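Q: mind looking at a prediction? Sequence and model below.
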Amino acid sequence: MGFSTCHWCHVMNRESFSKPEIAAYLNDYFVCIKVDREERPDVDGVYMNFVQQLTGSGGWPLNVWLTPDRKPFFGGTYFPPDRRRGTQVATFPELLSRIHDMWKKDQGSVEPVPIFPVPPTSPFYSKQT
């Protein structure tokens, strides 16, 4: 999730999403959905809440991995494309590979993390959204 004036959203788009090898991996192994937080603040709010609970902070770009029934199990904000900047966190390609391998080997080990507060009657969970 991101928005048009978000600097780091544009950086991640340029560094990762626009790279042919990363885009191909995403398209081969994930169902990618880009959400503009200004158009869908309800969706942004749910997953921002999740990432803040998971990591202790939030921001954009907001990257969240979900089960097929839209339950999040991992997320974060900006992930670098490589280790050029001396980063200690997993790079975006490494993270994609780990998530894909984990899902492929044992989907049952991927447990959704509860997100609060989102009542089940929220319009977010309707099939129309």
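A: Sure thing, it's come through. What you are looking at is a predicted structure, and each value in this text was computed from that prediction instead of being measured.
Q: residue boundaries of the strands in the protein?
A: Counting by DSSP state E, the segments of the chain that form strands are 63-66, 72-76.
Q: dump the ones you listed to a markdown table, plus mean neighbour count.
A: For glycine as for every other residue, the C-beta is placed from the backbone atoms N, C-alpha and C. Conversion of the strands of the chain to a markdown table gives the following (neighbours: other Cβ atoms under 10 Å):
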| stretch | mean neighbour count |
| --- | --- |
| strand 63-66 | 18 |
| strand 72-76 | 20 |
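Q: chain neighbours aside, what residue packs nearest to Gly75?
A: Spatial nearest neighbour of Gly75, excluding adjacent residues (Cβ to Cβ, 6 or more residues apart in numbering): Val64 at 3.8 Å.
Q: could you save the strands of the chain as JSON lines and add columns showing distance to Glu15 and mean pLDDT?
A: Supplementary listing: the strands of the chain in JSON lines, determined by distance: least, Cβ to Cβ, whole Å; pLDDT from 0 to 100:
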{"stretch": "strand 63-66", "distance to Glu15": "13", "mean pLDDT": "94"}
{"stretch": "strand 72-76", "distance to Glu15": "15", "mean pLDDT": "91"}
